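A.B. asks: coordinates only, sequence not included:
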């Protein structure tokens, strides 16, 4: 029968390309190389600034940072600040992502409204969202609302734009196929448009996850009594450079954790996309 | 021929599109196009590129309406997408996020079928298109030929009274194409479904069809009709080597003025 058709297919996970390189990377060599970069950087950080006479209040050494981290944990209730920043980042990310996605799909389904609103969307997208933070504080006072709003606003746009774009470039032939199968508009959306937008939505969420931390930090820096952004301002006021460094490091860790979480969700959702060999 | 109701009938169908630019004349894709396809017949529609073949596909599938004239499916006028027509394009249009089994199910989801009936139809079409072993795979794990067979399985699962094939083999490499043409020919003749194949490949038309309609350049109309009259409809490879097939291809080349064309 059609043996050739059969055998030409069923691509096995190909290792034909650079098999040797993959084996090299697959062993412990690659993590070891990455780790040794970290060691070199930390050593340089520890010893170079003192060697060049850079004072500790400009660049604290690694051991200073570790000591300060312990002091912050004991005296400054660090856990509370980390949890606050992390929780509000996640809340802001989820709300911003949700609104962005919903608006993206609604505008994608309604080209007329998209045309009507697109100049305003562009304006809002270009407007620096962090500049709204003082305004929100004037409106809502020194509570969680301003930082949450800034974050929602920052996360909203990349996701909206990505979803909208994916709706625009959705395969018209697939939509026609669904229509030819007598599917309703709702069915066409849920069975074709929504799933085909997934890669773009996930890309938007990945950007949003890192932006959420920025939004929360700005909100905390401008006006808050809690959170790592607050610790940065507090550390600055106390001329405690190590504290500022530590807060920045922890913010980065929160951002990375959120990015990884989204990437893990993406890998599950987009399991059907052949993954490029890393 | 006894007067049976044709599976598909186009009656003096004209389709004009509004001009792209202001002041330009409206653009006529097809003009007073008439033809019919009898139940169970395999008809190929050939013509030069841009002769309105895809317009025919859209009109028959109900995605587009004629400016003038009427389209009938088994005697009923087409007024919108109908559950009696299945179509396939050069692109397989498989949903990449669904397994092959769920892709075959796609067309059945807008119909009130019981779960058991759905499952039975999916199994039947997967077997018919020899994809049972690939049912749980995803489209990207299949070859181009297998994907087109999956698209055919999906098309046949809705039990259409008419299948429209719009150049379904043209994106494949030469060998896959030959094998897939035979595979399709066998599947179609086993299912007995009425088929309209839109193609620009003259060999393919002769190898697969009962009857060939030749369209003119735009605005498209039927300029010639050829009854193929060859045996072995389920084996295009055997057909292609028959002397009469080669004669027909030569005749078609002439009908389309390709034998005297200077340049592409």
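C.D. replies: Sure, I can see it. Bear in mind that the values here come from a model prediction, so they are computed numbers and not experimental data. Numbering: from 1, shown residues only, chains lettered A, B, ... in the order given.
A.B. asks: How about the contacts made by residue A:146?
C.D. replies: Neighbouring residues of residue A:146 by CB atoms under 8 Å, 6 or more residues apart in numbering or on different chains: A:133, A:136-137, A:139-140, A:219, A:222-223. (C-beta placed from N, C-alpha, C; glycine too.)
A.B. asks: tell me which of those residues is nearest to chain B?
C.D. replies: The closest of these to chain B turns out to be residue A:219 (CB to the nearest CB; 37.0 Å).
A.B. asks: Could you tell me how many residues sit around the residue nearest to the closest one when sequence neighbours are not counted?
C.D. replies: Leaving aside its chain neighbours, residue A:219 sits nearest to residue A:147 (2.2 Å; criterion: CB to CB, 6 or more residues apart in numbering or on different chains). By the criterion of other CB atoms under 10 Å in any protein chain shown, residue A:147 has 32 neighbours.
A.B. asks: What are the buried residues along the helix or strand harbouring residue A:264?
C.D. replies: Applying DSSP states H and E as the criterion places residue A:264 in helix A:241-269. Residues of helix A:241-269 classed as buried: A:241-247, A:250-251, A:254-255, A:258-259, A:262, A:266, A:269 (neighbour count, 16 or more other CB atoms under 10 Å in any protein chain shown).
A.B. asks: Endpoints of stretch B:231-249, how far apart?
C.D. replies: One end of stretch B:231-249 sits 16 Å from the other (CA to CA, to the nearest Å).
A.B. asks: hey, what's residue B:212 bridged with?
C.D. replies: Beta-bridge partners for residue B:212, by DSSP bridges, are residue B:44, residue B:226.
A.B. asks: ok, residue A:262 touching residue A:202?
C.D. replies: Yes - in this structure, residue A:262 is within contact of residue A:202 by CB atoms under 8 Å, at 7.3 Å.
A.B. asks: If you drop the residues flanking it in sequence, what lies closest to residue B:252?
C.D. replies: residue B:202 is the one closest to residue B:252 (CB to CB, 6+ apart), at 4.6 Å.
A.B. asks: just checking, that neighbour touches residue B:46?
C.D. replies: Yes - at 6.2 Å, residue B:202 counts as touching residue B:46 under the criterion of CB under 8 Å.
A.B. asks: Please say which of those two ends up with more neighbours.
C.D. replies: Neighbours per residue (other CB under 10 Å) separate residue B:202 from residue B:46, with residue B:46 holding more: 25 against 21.
A.B. asks: measure the more buried one to residue B:113 for me?
C.D. replies: Using CB to CB, to the nearest Å, residue B:46 is found at 36 Å from residue B:113.
A.B. asks: How about the contacts made by residue A:243?
C.D. replies: Contacts of residue A:243 (CB under 8 Å, 6+ apart): A:68, A:72, A:76, A:231-232, A:234-235.
A.B. asks: By neighbour count, which of the residues you listed wins?
C.D. replies: Within those, residue A:231 tops the neighbour count with 27 neighbours, counted by other CB under 10 Å.
A.B. asks: In a helix, that residue, correct?
C.D. replies: Yes - the assignment for residue A:231 is a helix, going by DSSP: H, G, I helix; E, B strand; the rest coil.
A.B. asks: circling back to that earlier point, pick the one among the contacts of residue A:146 closest to residue B:187.
C.D. replies: The shortest approach to residue B:187 among the contacts of residue A:146 belongs to residue A:219, at 62.6 Å (CB to CB).
A.B. asks: name the element residue B:36 belongs to?
C.D. replies: Applying DSSP H and E, one finds residue B:36 within strand B:27-37.
A.B. asks: so where's chain B uncertain?
C.D. replies: Within chain B, the ranges that satisfy pLDDT under 70 run B:1-3, B:260-264.
A.B. asks: Strands along that one, start to end?
C.D. replies: Per DSSP state E, chain B carries strands over the ranges B:8-17, B:27-37, B:42-46, B:68-73, B:76-77, B:85-88, B:162-166, B:194-199, B:211-215, B:222-227.
A.B. asks: can you tell which of those is closest to residue A:82?
C.D. replies: Comparing the strands of chain B by CB to CB, strand B:85-88 comes nearest, at 56.8 Å.
A.B. asks: on that earlier part again, who wins for most neighbours among the contacts of residue A:146?
C.D. replies: Of the contacts of residue A:146, with other CB under 10 Å as the count, residue A:219 tops at 30 neighbours.
A.B. asks: Assign a three-state SS to that residue, would you?
C.D. replies: Assigned with three-state DSSP, residue A:219 falls in the helix class.
A.B. asks: how about it, what does it touch?
C.D. replies: Counting by CB under 8 Å, 6+ apart, residue A:219 has contacts A:88, A:133, A:136, A:146-151, A:229.
A.B. asks: can you check residue A:157 too?
C.D. replies: Here residue A:157 is in contact with A:100, A:121, A:124-125, A:129 (criterion: CB under 8 Å, 6+ apart).
A.B. asks: same thing with residue B:79?
C.D. replies: B:62, B:65.
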